[in-house]
Every structure is written in C-alpha cells, then in structure tokens.
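Participant: Sequence first, predicted model second:
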Amino acid sequence: MIKMINLTPHEITVVSSDGEIVRTFAPTGVVARVDQMDVSVGKLTVGQTLVPLVRSIYGDVINLPDPAPETLYIVSKMTMDASDREDLISPGRMVRGEDGKPLGCMTFSIKHTKPEDAHGG
C-alpha cells in the first residue's frame, strides 16, 4: 500500500465524483516549498499608494524529505514543478461547494518528466 504524506500547510481532502469525502490528509507540520527571492523592478500606483513591483526568482525546493519506498509526498504544484522527483503529487481537479469554496480534490497531478508519459506511453 502506498503511503501518502501531506507536506502542504493545508488539510488535503480527496472527494469522489459524487461529492463524498474519501479521505483527508492532515498537514504534517513540515511544508515543502520553493525558495523565492524577489527582485525589485519598479513601483505601481494603486489608488494613491506606491506598491513595489517585483520579479520573483525561484530556487531550490526546501523541506523535502528523501525519497522513501512506497511513499508519495503531497506538495503544492509549484513545488512539484520545481523538482525533478517522481514521488511528488499535488492536488488536481478541485470540487467546490455552492459558495465557491474548495471542498477537496477529485484528482492528484503528477509531473511528467518525459513527453511520452503525457500520452500514456
């Protein structure tokens, strides 16, 4: 059986196509994320306030445990995309309530490292 570890700061709830909760993964307290540095590129006037305008530069993935057998790590899409690891998944298609707030995800996304993977090859 595959072990799934939530490395996001949020509870991740998996919902079936009929809206039933399948399982909820509590955050572990460890948050994998991408190191980010912002470089100032100017200012933007919003109303009567000058707001800094920055370009974000992304670096290394941090707080990501070493791969473990039969284990998948749930991370943000940005973290997954910044890594070359194949043991990372991120919440995919979201299910929303009548108020528009997310109830959970129906799918998980994986990163395709080879073009043929995207076509089921």
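Facilitator: Right, received. Where do you want to start?

Participant: which stretches of the protein aren't confidently modelled?
Facilitator: By pLDDT under 70, the low-scoring segments of the chain are 112-121.

Participant: Could you report the distance from the residue sitting nearest the centre point of it to Leu7?
Facilitator: Centroid-nearest residue in the chain, with Cα atoms, centre = their mean: Ser76, separated by 1.2 Å. Using Cβ to Cβ, to the nearest Å, Ser76 is found at 9 Å from Leu7. Using the backbone N, CA and C atoms, a C-beta is placed for each residue, glycine as well.

Participant: what's the overlap in contacts for these two?
Facilitator: Counting by Cβ atoms under 8 Å, 6 or more residues apart in numbering, the shared contacts of Ser76 and Leu7 are Ala32.

Participant: Is Tyr58 in contact with Arg33, as I believe?
Facilitator: No - between Tyr58 and Arg33 there is no contact under Cβ atoms under 8 Å: 10.0 Å.

Participant: Please, where are all the strands along this protein?
Facilitator: Assigned by DSSP state E, the strands in the chain fall at 3-6, 12-15, 21-25, 33-46, 49-62, 71-74, 88-91, 94-96, 102-105, 108-110.

Participant: May I have the third one as PDB, with CA atoms only?
Facilitator: Think strand 21-25. The C-alpha coordinates for strand 21-25 follow below in PDB (Å, rounded to 0.1, in the frame of the first residue of the first chain):
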ATOM      1  CA  ILE A  21     -15.200  12.500   1.200                       C
ATOM      2  CA  VAL A  22     -12.800   9.700   0.500                       C
ATOM      3  CA  ARG A  23     -10.000  10.600   2.800                       C
ATOM      4  CA  THR A  24      -8.400  13.700   4.500                       C
ATOM      5  CA  PHE A  25      -4.700  14.100   4.800                       C
END
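
Participant: Brilliant, that's me finished.
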